[in-house]
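Q: Please work out how this folds:
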Amino acid sequence: MTDAIRIDEFPVRTSMKLRYSDTDRQGHVNNTVFVTLLEAGRVDLFYDPAAPMADPGTSFVIVRLELDYRKEMHWPGEIGIGTRVLSVGRSSFRIEQALFQGDACVATSESVLVLMDDMTRKSTPLSPTTVARLEASKR
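A: Below is the predicted model of the structure:
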């Protein structure tokens, strides 16, 4: 990703308000909060209660998270979270995310998620409907 990345480049956008308790002793937002913010963006992609993306009896699990901290975040503020699908496989997909404070991109991330059968706890193929919805969220 380049430094000129903008939130409007992402088809799925979420926002979260920072809390005072998100800060650490250095006065910036703690690194663990970045991961929580990314999770909020992922959830908006595939856990819409009105139209769940996972078939009954299955769940999405994250198997890889790569996170690049680009700038400090400071309280107070609203954080924009951009999410887009990069690629879709048989039972997994890869997403790209970015966190924004104002216009500044403060972090970028790539993750791999797998569809898991809730009973066997093993990967299971994505349904054609899920694949189509993921493809619609590509860049």
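
Q: residue nearest the centroid of the protein?
A: Arg42 (3.4 Å; Cα atoms, centre = their mean).

Q: Touching, that one and Phe93? I think so.
A: No - with contact defined as Cβ atoms under 8 Å, Arg42 does not count as touching Phe93 (10.9 Å). In short, each C-beta sits where N, CA and C put it, glycine included.

Q: and for the two, which residues touch both?
A: Leu113 (Cβ atoms under 8 Å, 6 or more residues apart in numbering).

Q: Does anything pack onto the helix or strand hosting Thr108? Which helices or strands?
A: Taking DSSP states H and E as the criterion, the element that holds Thr108 is strand 104-117. Packing partners of strand 104-117 (3 or more Cβ pairs under 8 Å, 6 or more residues apart in numbering; DSSP states H and E): helix 31-46, strand 58-69, strand 92-101.

Q: Point out where the chain drops to low pLDDT.
A: 1-3 (pLDDT under 70).

Q: 90 - rerun?
A: Within the chain, the segments meeting pLDDT under 90 span 1-4, 26-27, 45-52, 138-139.

Q: residue with max distance from the center of it?
A: The chain, farthest from centre, Cα atoms, centre = their mean: Arg25 at 26.5 Å.

Q: ok, it - contacts?
A: So Arg25 contacts nothing (Cβ under 8 Å, 6+ apart).

Q: how would you label it: helix, strand or coil?
A: Assigned with DSSP: H, G, I helix; E, B strand; the rest coil, Arg25 falls in the coil class.

Q: Can you say which of the helices and strands packed on strand 104-117 is packed in most?
A: strand 92-101 (a mean of 22; mean count of other Cβ atoms under 10 Å).

Q: so what secondary structure elements neighbour that strand?
A: Counting by 3+ Cβ pairs under 8 Å, 6+ apart, strand 92-101 packs on helix 31-46, strand 78-88, strand 104-117.
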